[in-house]
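>>> Predicted model follows, preceded by the sequence.
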2 protein chains.
Amino acid sequence: MDHRENALTIGRLAAMVGVNVETIRFYQRKGFLREPLRPPGGVRHYTPADAARVKFIKSAQRLGFSLDEIRHLLRLDEGMQCDAAAQLAAQHLGDVRRRLQDLRRIEATLANLLEQCGQGGGKVTCPLIVALYADEMKKDYGSGP
Amino acid sequence: MDHRENALTIGRLAAMVGVNVETIRFYQRKGFLREPLRPPGGVRHYTPADAARVKFIKSAQRLGFSLDEIRHLLRLDEGMQCDAAAQLAAQHLGDVRRRLQDLRRIEATLANLLEQCGQGGGKVTCPLIVALYADEMKKDYGSGP
DNA sequence: CTTACTGCCGTACTAAAGTACGGAGTCAAT
DNA sequence: ATTGACTCCGTACTTTAGTACGGCAGTAAG
């Protein structure tokens, strides 16, 4: 009773979640998706659960998790260990906040530089470039990765 | 009168700016650094200007410019075209702000999720994981790349 | 029956920004 | 003069997240 008409083939699954077919195959190779049921013909067909899983992956990526982190999350999902997931997420939140700080600093610097660029009408040297060269004095190299 | 004692060799330059020797060579291959003076022996030695240039690159990277963008910046530097540099920077500022927005959204979501994780003491399902699965409903796939 | 469309598969390729390696050559000091 | 550290050079490898390619098989329509 598995009328193949509306079977969820790889192509349909891919279209459904908005990814490339190759991406599905890639996830499978990497173990993010289990090998789905495969009736005699050899054509895999997927379940809505598979679609959900891929969507999960994509959602987590949108939240900035790497595939490696997502792999953990999925493992946790299998066991539903809330606290472990929360810990992972907390760690990730820390990362996100650090990146946020960096970006804010960058934004301020760039905006500032651009403002100066606009102002100095008669100056010969570009404040942006000068600032980048000057920046070297204010940073300590060797501490950062 | 180039007493080799304190000549800026590749190793010293690298240590000075806090990068790997191979990175210097890499920059050279990619045209970010000109081939430096090379007295008979074959050992390059660099000038403080080279160090400044590498530091420029690293500073710009800290501001989130890619090497490709930095290449432009450096070309502009050679001609000191302030307005072109400003335009490039403005464009980049736009990028930075977009990334900032994304990150802020991510931060809010994660923080929210974590808060819920802490609250629900007796719940079986993890809000984080559930939310990631649920997230699929709120996003439109197919519009983004 | 032929053409077209999918699906399946392994393999190879992409981009970015380096890192690592192995065999020479060179330099300063012991 | 020989050691040990450093340089030079080209080539190959790394990571992340996929994409692309080319050949073959099964199904559906004309």
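Yep, that arrived. All values reported here derive from a predicted model rather than from experimental measurement.

>>> phi, psi of A:T47?
As for A:T47, its main-chain torsions (degrees, to the nearest 10) stand at phi -110, psi 160.

>>> Return the angle between stretch directions for whichever helix or strand A:A90 is part of and helix B:82-119.
Counting by DSSP states H and E, the element that carries A:A90 is helix A:82-119. For helix A:82-119 against helix B:82-119, the angle by axes from the mean of the first three to the mean of the last three CA atoms, to 10 degrees is 160 degrees.

>>> what separates helix A:82-119 from the chain centre, distance-wise?
How far helix A:82-119 lies from its chain's middle: 16 Å, per CA atoms, centre = their mean, to the nearest Å.

>>> and that helix with DNA strand D, contact?
No - with CB under 7 Å from any atom of the strand as the criterion, DNA strand D is not reached by helix A:82-119; the gap is at least 12.4 Å. C-beta coordinates here come from the backbone N, C-alpha and C atoms, glycine included.

>>> Show me what that helix is packed against.
helix A:67-79, helix A:127-138, helix B:82-119, helix B:127-135 (3 or more CB pairs under 8 Å, 6 or more residues apart in numbering or on different chains; DSSP states H and E).

>>> any chance of those helices in TSV, with mean neighbour count too?
Below are the helices and strands packed on helix A:82-119 laid out as TSV (neighbours: other CB atoms under 10 Å in any protein chain shown):
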stretch	mean neighbour count
helix A:67-79	15
helix A:127-138	18
helix B:82-119	16
helix B:127-135	20
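
>>> Lowest mean pLDDT across those helices, which one is that?
With a mean of 60, helix A:127-138 has the lowest mean pLDDT of those.

>>> per the record, what domains does chain A have?
Domain assignment for chain A by automatic domain parsing gives A:4-65, A:84-138.

>>> spatially speaking, which residue is in the middle of chain A?
Nearest to the mean C-alpha position of chain A, counting by CA atoms, centre = their mean, stands A:Q61 at 3.2 Å.

>>> Now do the same contact list for that one.
Applying CB atoms under 8 Å, 6 or more residues apart in numbering or on different chains to A:Q61 gives the contacts A:67, A:70.

>>> Could you dump the domains of chain A into TSV and include distance to B:V19?
As requested, these are exported to TSV (distance: least, CB to CB, whole Å):
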stretch	distance to B:V19
domain A:4-65	27
domain A:84-138	13
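
>>> Just tell me which of those ends up closest to DNA strand C.
domain A:4-65 (2.2 Å; CB to the nearest atom of the strand).

>>> quick one: average pLDDT of that closest one?
Averaging pLDDT along domain A:4-65 gives 86.

>>> what's the offset of it from the middle of its chain?
Distance of domain A:4-65 from the chain centroid (CA atoms, centre = their mean) equals 18 Å.

>>> so, in contact with DNA strand C or not, it?
Yes - against DNA strand C, domain A:4-65 shows contacts by CB under 7 Å from any atom of the strand at A:9-12, A:21, A:25, A:38, A:42-44.

>>> ok, of the residues you listed, which come out buried?
Buried members of those, counted by 16 or more other CB atoms under 10 Å in any protein chain shown: A:10, A:44.
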